[in-house]
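Q: Turn this into a structure:
(one chain, ligands or ions: 3)
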Amino acid sequence: MLKITPYLGILVVIVSIAGLWYPILGYFMLLVFATLLIISPFRGRWFCGNLCPRGSFNDFWVGKISKNKKIPPVLRSFWIRVPIFIFMMGFMGYRLLQTQGLFYQIGMIFVIMCLTTTTIAILLGFSINPRTWCTFCPMGTLQHILGKDRYQVHLDDEKCISCRKCDKVCPMQLDVRNSLSKRDCIKCGRCIEICPRDALAFEN
Ligand code: SF4
Ligand code: SF4
Ligand code: SF4
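A: Residues are numbered from 1 along each chain as shown. Ligands and ions are numbered 1, 2, ... in the order given. Model prediction:
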């Protein structure tokens, strides 16, 4: 995690609320989209754990009031994630076509999308776990696909004492030592920091 990561949440508040009066702020979403597209082929979901304003907002603000329950495993299923991805991208494309290219209307569509998804993410974050939305967020799914197995947390079996401290701090509730779950790792590095035996490290 970067030093600025905990403070980025303010950006999602600005875009979602101030954007209703200043639709130009919606274009910030394009910057987010471009950034994660550039990073994900090399670092998988690194953007989610380090630069995403909504991820930061949920981790560090919603996390303070969250019920911190187990995220339902079904939400990680691609039978859920792919239809959500197709629906949201299709719906946004349809709305953008309706604007006929008008600058402020396009900006407003991005603002409304940001406000809607952030509201859902906050409600899920409060009632279940801060990163619930991130298990099936379309942008997370896209990074999962583009990133494949890049920059994974590698386990040194000989050092591990099976204390499971790594699993307890993982914001995505992953089985940290199981490579099958690693494509949804958001590269926050918390498991690596907490490991008492230095048994974990990022590897390309
Ligand atoms: S899954 Fe979506 S909301 Fe969550 S951190 Fe990644 S891009 Fe942001
Ligand atoms: S925190 Fe380190 S030692 Fe403990 S289970 Fe995880 S990898 Fe193993
Ligand atoms: S596996 Fe480690 S680096 Fe990946 S999300 Fe979980 S705590 Fe963060």
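Q: What sits closest to the residue nearest the centre of the chain if chain neighbours are left out?
A: The centroid of the chain falls nearest to Cys48 when counting by C-alpha atoms, centre = their mean (3.9 Å). In space, and not counting its chain neighbours, Cys48 is closest to Ile186: 3.9 Å by C-beta to C-beta, 6 or more residues apart in numbering. Bear in mind the C-beta positions are built from the backbone N, C-alpha and C, glycine included.
Q: residue ranges of the helices in this structure, please?
A: 9-13, 28-43, 46-50, 53-60, 78-98, 103-127, 138-147, 165-169, 190-194 (DSSP state H).
Q: Distance from the chain centre to the fifth one, please.
A: Between the centre of helix 78-98 and the centre of its host chain there is 17 Å, according to C-alpha atoms, centre = their mean, to the nearest Å.
Q: Contact partners for Pro130?
A: Applying C-beta atoms under 8 Å, 6 or more residues apart in numbering to Pro130 gives the contacts Asn58, Asp59, Val62, Gly63, Ser66, Asn68, Pro171.
Q: same thing with Leu2?
A: Residues near Leu2 by C-beta under 8 Å, 6+ apart: Asn50, Leu51.
Q: how close does it sit to Ile39?
A: 13 Å (C-beta to C-beta, to the nearest Å).
Q: any residues in contact with both of the two?
A: Shared contacts of Leu2 and Ile39 (C-beta under 8 Å, 6+ apart): Leu51.
Q: ok, which residues in this protein are in contact with ligand 3?
A: When proximity is defined as C-beta under 6 Å from any ligand atom, the chain approaches ligand 3 at 49, 153, 169-172, 174, 176, 185-191.
Q: in this structure, what spans have low per-residue confidence?
A: 180-181 (pLDDT under 70).
Q: and the residue nearest to Ile109 when sequence neighbours are not counted, how many neighbours?
A: Nearest residue to Ile109, sequence neighbours excluded (C-beta to C-beta, 6+ apart): Arg95, at 5.0 Å. Other residues within reach of Arg95, judged by other C-beta atoms under 10 Å, total 16.
Q: separation between the residue lying farthest from the centre of the chain and Asp198?
A: Centroid-distance maximum for the chain: Glu158 at 31.6 Å, with C-alpha atoms, centre = their mean. As judged by C-beta to C-beta, Glu158 and Asp198 stand 11 Å apart.
Q: can you redo the helices of the chain as CSV with distance to Tyr22?
A: Shown next, in CSV, are the helices of the chain (distance: least, C-beta to C-beta, whole Å):
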stretch, distance to Tyr22
helix 9-13, 14
helix 28-43, 11
helix 46-50, 25
helix 53-60, 17
helix 78-98, 19
helix 103-127, 8
helix 138-147, 23
helix 165-169, 38
helix 190-194, 35
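Q: Out of those, which gets nearest to Phe202?
A: helix 190-194 (7.2 Å; C-beta to C-beta).
Q: I'm done for today, thanks for sticking with me.
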